[in-house]
Structures are given as structure tokens and as C-alpha cells.
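S.K.: My questions are about this predicted structure, shown below with the sequence.
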Amino acid sequence: MIRISHLTLFNRTGSQITENYDRYVKQQALVSVGKSFLKASDAPADAAQALQARSLIGNNEQFQKNIQTAHGWTTYSDQQLNAVMTTLQDARQTVVQLSDDVTFAAGSPERMAAAEKIDAMIEEMMGYANGQYEGRYIFGGFSTDAPPFTPVRNAQGEITSVTYNGNQTQVEDIQREVGDNTRLTINVDGKEVFVDPSGTSTNEKVFNQLIKLRDDIRSDKPLAPSDGTVPPYTYPTIDYLTQHLTALDNTMDRMDLQRAELGERGKGLTRLLDQTRNQHSNLQQILSNREDLDMAQGALQLTNQLNLYQAAINAGAKIVSPTLMQFLK
Amino acid sequence: MTMFGISGGTFAGLERAASGLRASQAGFEVTQHNIMNANTEGYSRQVVNLQSFYPYTTPGQTAPVNPQQVGSGVMVEGIRRYREQWLDDRARDAQQSLGFNEQAKGLLDQTENLFSDPGGISDMAAFNPSDYGLRAVMQDYFNAWHEVGNFPESSAQREVLLERATEMSGKFRDMYSGMEDVRDNADQLVADRVQQSNRLLTEIAKLNGQIRDVLATNSHPNDLLDQRDLKVTELSRMMDVSTREQPDGSIMLYLRGDILVQEDRVVDTFTTFSNASLDDHLSVALASDPTVAADIRNGEIAGILYARDVQIKGFENDLNTLAGQIITQTNSMHTAGFDLSATAGVNFFTAPAPGENAAQVMTVALTTGDQIAASATAEGAPGDGARAFDHAALAYNRLSGLNNQSTVDFYAGLSSDVGVAVQTTQRNVNRFSKSLEQIDGQQSEIAGVNLDEEFLNITKYQRAYEAASRALSNFDDLLNIIINRTGRVGL
């Protein structure tokens, strides 16, 4: 025969009620915050995984920002180069107009006007070359804090040459971290596009070319190609203009290539952003699997716990109240 | 009237009936005592051992010879308590393990609260607590490096980075000092337990003396035994002491080879000393050997010491490793970088002196954002953020100094270690309290007071008392006949 003492009965009833109440309160807390655990000790493995997932999400969000900044920079560079192209087109147009009508004599108002037009284009080009994205000069390599191009002007205030003050050796190394240890170069070598610092390059650079074109139109000198090759003859002028046209076309072709490359980078960044965003939702899913509560199940369990708790109280009240005392007289 | 002849005396019947009254009264009193102590911890129910009184007559040289023996009533042989010693021993083992784990859990719980990251809902009111833990702070710090990489010219971003770095250093220091606080708190707990243990030793010695004295008079010191059992159980909760019963009824109490209590004397007590090999935290020693840590392996004291010196200390070490790696890696990259004025970088964090705890002293050494060496080359200033991205990559690059884990993985491992430690002690607490409940249940099957049973006993003794008193008055009637009516024929 098992004897049950009253103290044991009270203690057991008490501890059963407390246990059920504990579970009920805990379940209630889980449901109210929608999580499957409250502390690391509730599910250490899940908690560590969730923590890592949170961290991956944090990195991912940062990479999205980095990609967007990088994308902004390349897009802006592309826009600037596009404007340069448009200006070069205009210059070409001007040359074509001049060459259409060979009657424009040297020193004629038409030629002077054309030279003025080109001069204005040089000033305009200055603005593009010293373009700023979010307060930073984009064509000077690492020297983002000062205008990379300085005009040298004559007494009339006209630009006679342009000096490059930007970063000399690592001009194409501005990089952004767009994924774990993945870096992309975002800038374009402005020196390469706009000037020829050594002066010996056979490539026509934008400033050199325009300055030469303006001076040639105005000065009525034989229009020599910018690379310094001496043409075989001096007249008629139209042939020199053709030389200039060819040079402009070459420059624009080269810039087309650069823009195509920039465009590819931009597309790449857009793809990367999409990819990173997809990853983000995958990671969110992982995190949610680790730490979020299945609400339907959680609510069901809560009801269950509540029932158990009430049952424990009821049973306790029934078993605790009667003693023989009430029946003995 | 043979009756008088046999029983030896005229008034023997009165005495016999009186013995019944006394026995019932004793039973009544013991039952009352049981009922009064129904809720007393450690109380063992008592019963009156009744025995029929020595019959009349016992044959002997001078004894009168009768044809048969006549019973002479009932006597109270003694009052015994119901208790199983071996269950007490098992309960004490369970108490030790329960005490160990409960105390360890208490300290580990406090430690876990410092890691408020994971899922991390220690503070329900401010839900999304992941924004308060070290992980989130580290994330902000690394992201700030990214932003400096994105905008290396921007002094605003550089200031943000310094701010984040300061915040992260502060969080490391807070977590470290938080754990140190828990360890200091453990010292207080140990000191309290040592005091309690010493008090218990004194009380047990005193009870030993009282029990020995009572036993010497052939009585049963039931309540004193209960009290001593309870004290030994309380002491067992503190530490893994052993007991041995002595022939005089006292118990000898010892811890491994060291006798603590012998008879009514306290032979050795406990004391504490500040232990240099444990960061000057308190160790428990025997008063007879006050500078050597006593070999306590179980119970509350052992649990507190284990959590303090092995588990939490281990977490502190891990935190130091993490902080130390961040400091050295950052500094070595930073000094290889170039700041806004193209000067070679200096230490980003103050390098801890040898012997210093990295997490405890972590501080940012830089004073202005311009000093942040975001560029990889001298020529790179201000537009190059390559070095800044190198720093940011500490968030996900594996480091040999962290067992080839990244900083975040290492931290996740650490916080899961804390979680596992809490979970394990919690499970042990559940396990041992269940088994203790079971053992107590078994003991109370034997020793516990059941009120119904006691009410029945009251009824039983009440009826017996009534019957005895009826027998007494009945006998009195008989005497009345003898004394007042005999020889009055015709009156």
C-alpha cells in the first residue's frame, strides 16, 4: 500500500500547477513575439544559425548599398562620357558644315563663328572633365577632392592647353566591395580620355583635338591632324578639315568602346543587385525558418497549454479540499 | 472472587485500567504532534509503540505462584519515528547535484542575458533586440567601414566609423565587465554559503551532543534526529560531505579526509581566501589549511565555483580572443594603410599591454576621422577606399586566430556555447529535481503525515480512552460493592 502524506499531496499538486503555468506563460510569450525561441538556451543551434543568418543579411544589405553607390558612379560616368560624345558630334557637325561650303575664306565671319563655337565646346568639355558625383571628381583617379583638369588660358582668356593634376599611376583603381571579397573597378581613366599628358601619344585626346581644331579654323593654317603628321599638301582647306573629321571619328569610336565597357559594368552591377536581393530574401527565409514560430501551431499549443493548466487547477482543487475531518464528528 | 487472588492486589484492576488511559493519552498526544507537524519540513511521523505490561506473575524465588499469568495492562514502550536512512542518503546525493546545477544555472542565466542577440528576446518590451547585442554592434562597425570605402573622402562617414568603433569597443568592455560582475556576484554567493555551512556545522555538533545525551537515558530523540537529518541535508546541498554514524548515536561529518564534526565538537570549519590564480576571486578553504582550495566537488559551492572559474571564465577568454583578433588584425591592416593626409596609418585600437584582457581594455586609439587609413597606398588618398574594404571584410573573412572562423561565426559559436551551458544546467536541474521529488515521495510514503490517517488514529485512541475509562468506572463499581455494601446484610 502506498501512503501519500498530505504535505506530498500539496507539494505535488503545487508543482504540477506551477509547471503547467510555466509552460503556458512561456508559450504565450512565444506566440506574442512570434518566435520559436526566446533565448539562446532554448535552442542553441537554431540561435547560432539565426545569428549567422542575421549577420549575412546585414552584410547583404550593405553590399546592396555598395552596389548602388558603385552603380551610381558608373552611371554618372557614362552620362558624362555621353555628353562628351554629344559635344564631339556637335564639333563634327560644325566641321562638316564648314567643309560643305569651301567658299568660307580664311578669316571669314563663318569660320570665326565656327571657331567661337568650338571654343565654347572646349569650355563645356572642361565642365564634363571636372564632373563631380556626390561631391567627388570622377575622372581624376584617387584624387577625388580637387578638379583633375586645369585650363591654361592666353591673354584673351581662351584655353590653350589643359593640364591633368589627377592621380598619375593608379587612375583606374577606384574599387567597391560588392560581395564577399569581390571588388569592381568603377571609374574611368580621365587622363586617357581628355588629355595626352606626355604629348607624344598618337591617340587624339579630346582637349588637344578641339583646341587644335579651333586654332586651325581660326588661324587659316593648314589643318593638320592632331598627331602632328604633316599633310602632303596645303590647299584646299577641305582636306584638312577631313583630317580633323577622321580624327574626331577615331576619338568617338574609342569613346564608344569605353562607354560600351562602362555600360557592361553598369549592367553587371544591375544583375549583381538583383542577385544580391534574391539572396536577401533567401536569407530572410532561412532566418524565418530558424527563429519564427509557426503561428497556427503555436496558437494551438497555447490553447492546449491553457487547457492543461486549467485541468491541473481543477484537479488540484478537487483533491486538496476533502479530508476525513469533514466527515468525522 | 478468584480475580483478586490471581491479580495480586485489590486495586490492581484500577492500575490496569489507568494504564489504558495513559496509553491512549500518549497515542493521542503523538497523533496531535503529528497533525501539528503535518507541514514541517523534514518531520517524520511518530507512532506510540504499545506493549502489554509485564504479566503477573513472573515466576521466581520470592514471587507468588499462581496457576496462570494475568495481564496487567498496557505500557508505552517508546515513541518511534518512521524514516528510511537510505532514502535520506539518496536524497542528499540528489540535493548536491541539484544545488550544483541550480547555482551554476543562476550565474549562467545572468551571463546569457549579456548576450541579448540571438533571436534574442530577453527584453520583450523592446522587441527586435537583435539591435542591442554585440553582433548588431559589430555589424554596424563593419558596415561603417564599407561606407568609408564607398565614400573615402567623406569626413562624415569617417566620424560615423569612429563612433561605431567606439560603440563596439564599449560593448566588448560592457560584456566583459558584465561577466566579471557575475563572477563577483558568485564570490558573494560563495561567501554566504561558507557562512551557512559553518552555522550548520555548529548546529549539527550541538544536536549530536543532545542526541547522545537523550539516547544515554534510553529514550528516543525523534525530533532531534529529524532536525539533525534536515541540517545534514541542508549541508549536503552546499557540498558533498559524508557522514558516519557513531555507536553513541552522534554522526561524524567529514569532507574527503577532513573531519568537520565529531561528537559535539566542530573540528574544522570553512573559510575563504582571495585566490591569485583565479583573478583574485574567492576560493573556499578549510580553516585548518586556509590558503589551499578545499576539494569540494558537488553541491551549491562547487556549482558556483564551476560556473565562475570554468564556464564563465571560458566565455571571457573567448570574448578576449575575439576582441584581441579584431584589434590585432585591424591594427596591422591600419598601419599598412594611409590616412586622409597620405600619412601612414597608426594603431586604430589601443594595443592591449601584455597580460591585459583585450575585451576589458578595448578602446579606439584614433581621435579624428581623418586619421582613418582608408587608402591602400600613399597615392590613394583621398579617393581610394580599398583598405577600408579590407577592414570591412573582417566581418566575413576566416581568421586563423579564430580557428578559421569569421568574427561573426566565432561570436555565434560563443553565444551558442553560452546557450548550451544554460540549457544543459537547466536540463540537469529538471532531472535532479524530478528525481529528488521522487525520492522525497518515497520517503514521505514512509515518513510523511497523512491527516486522514491521523484523524483515524485520534478516533482510535479516543475510543480506547473511553473504553478504558468505562473499565475504570466499572471496576470502581465493583470496589463500591466490596467496600460499601459487603457486611451490611440486614442494615
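M.R.: Sure, I can see it.

S.K.: what's downstream of the lowest-mean-pLDDT helix or strand in chain B, the next helix or strand?
M.R.: Of all helical and strand segments in chain B, the minimum by mean pLDDT, DSSP states H and E falls on helix B:2-7, at a mean of 44. Next along the chain after helix B:2-7, taking DSSP states H and E as the criterion, comes helix B:12-36.

S.K.: pLDDT on that following helix, on average?
M.R.: The average pLDDT for helix B:12-36 rounds to 90.

S.K.: hmm, that helix in reach of chain A?
M.R.: No - using Cβ under 8 Å from any Cβ of the partner chain, helix B:12-36 never reaches chain A; the gap is at least 9.7 Å. Bear in mind the C-beta positions are built from the backbone N, C-alpha and C, glycine included.

S.K.: packing partners for that helix?
M.R.: helix B:2-7, strand B:46-52, strand B:74-81, helix B:451-480 (3 or more Cβ pairs under 8 Å, 6 or more residues apart in numbering or on different chains; DSSP states H and E).

S.K.: Mind doing that once more with 6 Å?
M.R.: Helices and strands touching helix B:12-36, by 3 or more Cβ pairs under 6 Å, 6 or more residues apart in numbering or on different chains; DSSP states H and E, are strand B:46-52, strand B:74-81, helix B:451-480.

S.K.: Next, the buried residues of the shortest one.
M.R.: What that stands for is strand B:46-52. Buried residues in strand B:46-52, counted by 16 or more other Cβ atoms under 10 Å in any protein chain shown: B:46, B:48, B:50.

S.K.: Nearest spatial neighbour of residue 147, chain-adjacent residues omitted?
M.R.: I went with chain A, as the question did not name one. Nearest non-adjacent residue to residue A:147, counting by Cβ to Cβ, 6 or more residues apart in numbering or on different chains: residue A:130, 4.3 Å away.

S.K.: Actually, chain B is the one I wanted.
M.R.: Per Cβ to Cβ, 6+ apart, closest to residue B:147 is residue B:157, 4.7 Å.

S.K.: give the contact list for that neighbour.
M.R.: Contacts for residue B:157 (Cβ atoms under 6 Å, 6 or more residues apart in numbering or on different chains) come out as B:147-148, B:151.

S.K.: Of these, which is the most crowded?
M.R.: For those, counting by other Cβ atoms under 10 Å in any protein chain shown, the largest number of neighbours falls to residue B:148: 26 neighbours.

S.K.: and for the helix or strand that residue falls within, what are the contacting residues?
M.R.: Per DSSP H and E: residue B:148 is located in helix B:134-150. For helix B:134-150, contacts defined as Cβ under 6 Å, 6+ apart pick out A:51, A:58, A:62, A:66, A:69, B:117, B:130, B:157-158, B:160-161, B:164-165, B:167-168, B:171, B:374, B:385, B:388-389, B:391-392, B:395, B:411.

S.K.: These in helices, which ones?
M.R.: A:51, A:58, A:62, A:66, A:69, B:157-158, B:160-161, B:164-165, B:167-168, B:171, B:388-389, B:391-392, B:411 (DSSP state H).

S.K.: Flag every residue of the stretch 151-300 of chain A that's near chain B.
M.R.: Proximity of the stretch 151-300 of chain A to chain B, by Cβ under 6 Å from any Cβ of the partner chain, involves residues A:174-175, A:177, A:180-181, A:291.

S.K.: Please give the number of neighbouring residues around residue B:169.
M.R.: If we define neighbours as other Cβ under 10 Å, then residue B:169 has 22 of them.

S.K.: And it, what's its pLDDT?
M.R.: 95.

S.K.: Same check on the one 3 residues further on?
M.R.: Residue B:172 is assigned 94 on the pLDDT scale.

S.K.: Extract the residue ranges of chain A that are flagged as low pLDDT.
M.R.: Applying pLDDT under 70 to chain A flags residues A:1, A:100-107, A:170-171, A:196-204, A:220-239, A:321, A:329.

S.K.: Okay, strands next: where are they in it?
M.R.: A:132-133, A:136-137, A:149-153, A:159-164, A:175-179, A:182-185 (DSSP state E).

S.K.: Present these as TSV; the columns should include mean neighbour count.
M.R.: Compiled in TSV, those are given as follows (neighbours: other Cβ atoms under 10 Å in any protein chain shown):
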stretch	mean neighbour count
strand A:132-133	16
strand A:136-137	22
strand A:149-153	16
strand A:159-164	18
strand A:175-179	22
strand A:182-185	15
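
S.K.: Need the ones you listed in JSON lines (columns: distance to residue A:119).
M.R.: Shown next, in JSON lines, are the strands of chain A (distance: least, Cβ to Cβ, whole Å):
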{"stretch": "strand A:132-133", "distance to residue A:119": "23"}
{"stretch": "strand A:136-137", "distance to residue A:119": "23"}
{"stretch": "strand A:149-153", "distance to residue A:119": "11"}
{"stretch": "strand A:159-164", "distance to residue A:119": "8"}
{"stretch": "strand A:175-179", "distance to residue A:119": "37"}
{"stretch": "strand A:182-185", "distance to residue A:119": "34"}
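
S.K.: Out of those, which gets nearest to residue A:256?
M.R.: Taking Cβ to Cβ as the criterion, strand A:182-185 is the member of the strands of chain A that comes nearest to residue A:256, at 19.3 Å.

S.K.: The closest residue to residue B:49 other than its chain neighbours: neighbouring residues, count only.
M.R.: Of all residues not flanking residue B:49 in the chain, residue B:77 sits nearest, at 4.3 Å (Cβ to Cβ, 6+ apart). Residue B:77: 12 surrounding residues under other Cβ under 10 Å.

S.K.: any idea how far residue B:77 lies from chain A?
M.R.: 23 Å (Cβ to the nearest Cβ, to the nearest Å).

S.K.: any idea how far that residue is from residue B:51?
M.R.: Counting by Cβ to Cβ, to the nearest Å, the gap from residue B:77 to residue B:51 is 4 Å.

S.K.: try residue A:91
M.R.: For residue A:91 relative to residue B:51 (Cβ to Cβ), the value is 133 Å.

S.K.: before we move on, what about residue A:272?
M.R.: 98 Å.

S.K.: try residue B:108
M.R.: 57 Å.

S.K.: try residue B:173
M.R.: Distance from residue B:173 to residue B:51, counting by Cβ to Cβ: 75 Å.

S.K.: burial count for the residue in chain B positioned nearest to chain A?
M.R.: Taking Cβ to the nearest Cβ, chain A has its nearest neighbour within chain B at residue B:448, 2.2 Å off. Other residues lying near residue B:448 total 24 when counted by other Cβ under 10 Å.

S.K.: same thing with residue B:24?
M.R.: For residue B:24, using other Cβ under 10 Å, the count is 23.

S.K.: In space, what's closest to it - neighbours in sequence excluded?
M.R.: That would be residue B:465: by Cβ to Cβ, 6+ apart, it lies 3.8 Å from residue B:24.

S.K.: Then residue B:262?
M.R.: Leaving aside its chain neighbours, residue B:262 sits nearest to residue B:252 (5.3 Å; criterion: Cβ to Cβ, 6+ apart).

S.K.: average pLDDT across the helix or strand that neighbour falls within?
M.R.: For residue B:252, the host element (DSSP H and E) is strand B:251-255. Confidence for strand B:251-255, expressed as mean pLDDT, is 95.

S.K.: Any chance you could list what contacts it?
M.R.: With Cβ under 6 Å, 6+ apart as the criterion, strand B:251-255 contacts B:241-246, B:260-262.

S.K.: any idea how far residue A:326 is from the closest residue to residue A:43 other than its chain neighbours?
M.R.: Nearest-residue entry for residue A:43: residue A:37, 4.3 Å, with adjacent residues in sequence omitted and distances by Cβ to Cβ, 6+ apart. Shown here: residue A:37 relative to residue A:326, a distance of 47 Å by Cβ to Cβ.

S.K.: So for those two, which residue has more residues nearby?
M.R.: residue A:37 (21 against 9).

S.K.: Provide the backbone phi and psi angles at that one.
M.R.: Main-chain torsions, residue A:37, degrees, to the nearest 10: phi -150, psi 160.

S.K.: Residue B:259 too?
M.R.: Per-residue torsions, residue B:259: phi -80, psi 130 (degrees, to the nearest 10).
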